[in-house]
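1. Here is my input; please provide its structure:
(chains A and B)
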There are 2 protein chains.
Amino acid sequence: MKIEIITTGDEIMSGVTLDTNFSWAAEKLTGFGFILGFHTSVGDDEQAMIEALAIAQGRSQAVIVSGGLGPTPDDLTASVSSKFFNAPLELSDEALEMIRKRFKEQGRELLEINKKQAYMPQGSHVLKNYWGTAPGFRCEKGGVVFFFLPGVPKEFKSMIEEYVIPELDRRDIGRKKYHSRIVRTFGLRESEVAERLKGIEREDARIGYRPRFPEIHIRVSGYGDTEEKAEKLVSGIIDEIVLRLNDYVFSTDDERLEEVIGKLLLEKNLTLAIAESCTGGLLAHRVSNISGSSNYFERGVVSYSNQSKVEVLGVAKGLIESFGAVSKEVVEAMAQGVRRLAKTEIGVSISGIAGPAGGTPEKPVGTVFIGISHEKKGEKSQRFQFKGTREEIKLIASEVALDWIRKFVLNYV
Amino acid sequence: MKIEIITTGDEIMSGVTLDTNFSWAAEKLTGFGFILGFHTSVGDDEQAMIEALAIAQGRSQAVIVSGGLGPTPDDLTASVSSKFFNAPLELSDEALEMIRKRFKEQGRELLEINKKQAYMPQGSHVLKNYWGTAPGFRCEKGGVVFFFLPGVPKEFKSMIEEYVIPELDRRDIGRKKYHSRIVRTFGLRESEVAERLKGIEREDARIGYRPRFPEIHIRVSGYGDTEEKAEKLVSGIIDEIVLRLNDYVFSTDDERLEEVIGKLLLEKNLTLAIAESCTGGLLAHRVSNISGSSNYFERGVVSYSNQSKVEVLGVAKGLIESFGAVSKEVVEAMAQGVRRLAKTEIGVSISGIAGPAGGTPEKPVGTVFIGISHEKKGEKSQRFQFKGTREEIKLIASEVALDWIRKFVLNYV
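-> Now for the predicted structure:
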C-alpha cells in the first residue's frame, strides 16, 4: 500500500515552522511496514492544495493531510476538501458535541468561529480529537482513503496512532510484522561504525545510522511473519553489533548515557561528586536529569575561578601557580578534593579551555583534562584535544567524563 | 517567481533523518522575497524522482533538488536527471578536478567510485562544492531552471547561498528588498503575546510566532523598495512590540537570555555566584555558555544533598530541619551563603522538586523557590509552581532565575 503525506500551512512553506510531523509519521508508518511514496508540502492556498490532493489520488492508495483545520480564515482544509470531493460542507453533530465538551472542560466559551471546525464534507467519517479542539475526518474517493488531521504535533501524532494506523492495518492484509530497537554508541565516528558493521544487514532487516552529536545511534529494524520472529531477528543483529562494537555501545535500548550510569552506580552502591570548570555545570546537569539521581549524586562544584578551586575544593594554590588551572595536577586535585569533601566513593573533574578565547600555544582552545578519583584506587587523569564551538567542546567533554564513569563502574570490583 | 524544492532520499522517507534543509531554505528564500510554491519529498526511486521533476517543471519556474549525489549505488540523481533532461551523462573535467583537489587536501586516495560524482547531464553548469566532495549542477528545461545540490546540510546550505540565491536574483528582476529580525520574550504565553500584538501587522510586513519553550520568539519581516525602507519598517514594528510587551522582551536581536545578562553584568561591573539544587547545574551551565563569562561568573555550587548545603554554602542545619530544603528560608540562606563565600555582588539560588518523585501535598512536584542576595539589598525569594517533565521544570526554573537576574541588574542603581 503506497501512502502519501501532504503537509499544509504557510508557516511550513515560509520555514517559520519546522515540519516534524512528517518525519515522525514516516518513521512510524515505515516502522509498521507501510511504504511512504511521496510527501508534499503546500501553503494555505486553495489551488495548490487541490492540485496536491489530485496528484496524490492518482499515485497513492492512502493520503494523510495535516493542518488547516483551525477556526481562523486561513484554515482552508475543510472548504478545499469539499470542493475536491465535490461534497457540500455539512455540520457534524458528533464533531460539534466533541468541541462543545472540550470547551466546557476548559471553562471556555464556545464562539461562533469555533463552530466552523464542526463542518466537514458530506459523507465524511469524523475523527474525534481528544487532544485538542479541531476534529479530523476521513473520506474516500476513487478507492483512495484520505485522512485529514490537525497540524498541531501532539494532536497529529495521537490521531495517527489512534485512527490512521488501525485503519491502514485493516485495509492492508498480509503485511509483515515489525520490530525496531536503537543502539547507542559513543567514541567512534559514523564511518567507523559503518565500517565495523559491514555486511551485518540481512534480508528483512534494516540498519540506519543517526548521528546525535557526540553519539552515533543505530536503529535496527526487522520484519517477520510474527512479532516474535521480527523481535528475534532484531535481537540477533543487536548481539552481533555489540560483539563488533564492544565497549563503544553503552545502551541497546535507546537509554541516555546518564541513565546507564545511574543504574550502574545504584547497582554497585557507589556515590558520585563532581568538580567542573570549563563545562560550567553541564556534567552535573546531565547527571541530575535522571530521576532518583539524588541517591548517588551528592554534590557538584562549578569551580569557575581559581579562588573557588582553592576554597571549595581544597586545591593547593601552589599547584595552580606551578602547573596552571588546566593541568593534570590540578584536575586530579579537583577530583580528589571534591570526593573527600563530599565523602563519596568517586570524584570526577573537568578543567579545560572551551574557547573561543583563552587558548595558548601549549594549551590551545579545546584542551581539556578529565580526572577521576577513588578512595582506594587513587587518582587518574587524561588530556584531550577537542574541536568545535564552545558548546560542542562543553558537550563532548561532559560526554567523555560520563563515559569514563561508565567504564570505571562497569569494571569496578 | 514560483520555486519548488524536491528532497530525495530513503532516509528522509523512512523518517530516519529529519529534513532540516527544506525548512532552512524556505526561511532563507522567503526571506529574500521569493515565493515557495511546493515542496516534495521522494525516496531513492527512479520513477518517483522523474515524476516529481516532471510535476515541478509544469508548475514552477525554479526547482531545487537536494540529495542523491553521493558515490554509492543508491545515489541516483545524476542518472535520473540524465533521463529526465534526455541528455547523456558526461564527465565534467571541472568537477573531477574539484574532487581530486578535495581528496588531496584530506590526504585521501581517489577511488574509481568517487569519479562517478564528476558525471552530469550534458550541457549542465557545474556548481563547485567547497564544503564537501559532491559537486552540484544546474540545468534548464522549458524555461525552468533546476539546481541539483548535495543533501548534506552544511553543503546544501552553503550552495544555496553561493549559487542559488544569486542566480534566482539575476532572473527575478524587480523583486522587493527584505529585512527581518527576531524579538525574544519570556513570561507570556503565545496567545497572550498574540493578543497584545493584535493589529500590529502592516502591509508589506509579517509577524511570525515561534514558541521556543519556555520562550516565545517573534519574527518580524518587512519588504520595501530599498533595503533601508525594509529595515525602517521592521524597526518601527519592533519599537511598537517593545512598547506593548515591555519587560517581557529581553532581546530585539535574537540574543540568548544568558547573553543579555552577561552584557548587563559586564556593563554594571557586577559579579555572580550560583547555588542550585533541583536544576542540578543547568543555571551555571547556561551562564557559562557565554564566552567571557569567567569575567563575571565566579563559581557555582550544585548542592544536591542537604549535607552539601550546610558544608559548602554554610546554610544552618537548623534551617533545613525546621523548614525543609525546599523553602524560602533555605533558598535565601543558599543565595546569601554562596554570595558571601564567593565575594560576589550577587548570589542566586534555586531549590525545588523537579520530580517525578519527591512531591508532598504541601510541596508538590514543580514547587521551586528562587532566591537572590545582594551585599547591600539583602535577600529576596519567591515561590513558584511549575508544570512539566523533570527536564522542563529544570529548564523553566533556570529561565525564571536568569530573567530575575536580568531585571535585578537592569534596575540596579
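2. Could you pick out the longest helix of chain A?
-> Criterion DSSP state H: the longest helix present in chain A is helix A:390-410.
3. residues near the residue in the stretch 101-250 of chain A that chain B sits nearest to, how many?
-> The nearest approach of the stretch 101-250 of chain A to chain B comes at residue A:208, 4.2 Å away (Cβ to the nearest Cβ). Yep, even glycine has a C-beta here, placed from its N, CA and C like the rest. Using other Cβ atoms under 10 Å in any protein chain shown, residue A:208 has 19 other residues around it.
4. One more: the one 5 residues further on?
-> Around residue A:213 there are 10 other residues, counting by other Cβ under 10 Å.
5. That one contacts residue A:392, doesn't it?
-> Yes. Look at residue A:213 against residue A:392 with Cβ atoms under 8 Å: they come within range, at 7.0 Å.
6. sorry, back to before: just checking, what packs against the longest helix of chain A?
-> Secondary-structure packing of helix A:390-410 (3 or more Cβ pairs under 8 Å, 6 or more residues apart in numbering or on different chains; DSSP states H and E): helix A:257-268, helix A:282-287, strand A:346-352, strand A:367-374, strand A:378-385.
7. go again using 6 Å as the cut-off
-> Judged by 3 or more Cβ pairs under 6 Å, 6 or more residues apart in numbering or on different chains; DSSP states H and E, helix A:390-410 is in contact with helix A:257-268, helix A:282-287, strand A:346-352, strand A:367-374.
8. Among these, which comes closest to chain B?
-> Closest to chain B of these, according to Cβ to the nearest Cβ: helix A:282-287, at 3.2 Å.
9. ok so, going back, closest one to residue B:113 among the helices and strands packed on helix A:390-410?
-> Closest to residue B:113 of the helices and strands packed on helix A:390-410 is helix A:257-268 (Cβ to Cβ; 35.4 Å).
10. hmm, the closest one in reach of chain B?
-> No. Interface with chain B: helix A:257-268 contributes nothing (Cβ under 6 Å from any Cβ of the partner chain), its closest point being 10.5 Å away.
11. What of stretch A:244-256?
-> No. Figure legend: stretch A:244-256 not in contact with chain B (Cβ under 6 Å from any Cβ); closest approach 10.8 Å.
12. Identify the residues contacting that stretch?
-> Around stretch A:244-256, the neighbours that count as contacts under Cβ atoms under 6 Å, 6 or more residues apart in numbering or on different chains are A:182-185, A:187-188, A:196, A:238, A:242, A:257, A:260.
13. Weed out the non-buried ones from these.
-> A:182-185, A:187-188, A:238, A:257, A:260 (16 or more other Cβ atoms under 10 Å in any protein chain shown).
14. so of those residues, which ones are in helices?
-> Cross-referencing the buried ones among the contacts of stretch A:244-256 against helices under DSSP H gives A:238, A:257, A:260.
15. which of those lies closest to residue B:234?
-> Within those, the smallest distance to residue B:234 is 43.3 Å, found for residue A:257 (Cβ to Cβ).
16. Max pairwise distance over the contacts of stretch A:244-256: which two?
-> Using Cβ to Cβ, those span at most 20.8 Å, a distance reached by A:196 and A:260.
17. on that earlier part again, show me which residues of the helix or strand where the residue of the stretch 101-250 of chain A closest to chain B lies are buried.
-> Assigned by DSSP states H and E, residue A:208 belongs to strand A:205-212. By 16+ other Cβ under 10 Å, the buried positions in strand A:205-212 come out as A:205-210.
18. gap between the residue nearest to residue A:323 when sequence neighbours are not counted and residue B:233?
-> Once flanking residues are discounted, residue A:323 sits nearest to residue A:329: 4.4 Å by Cβ to Cβ, 6 or more residues apart in numbering or on different chains. From residue A:329 across to residue B:233, the span is 59 Å (Cβ to Cβ, to the nearest Å).
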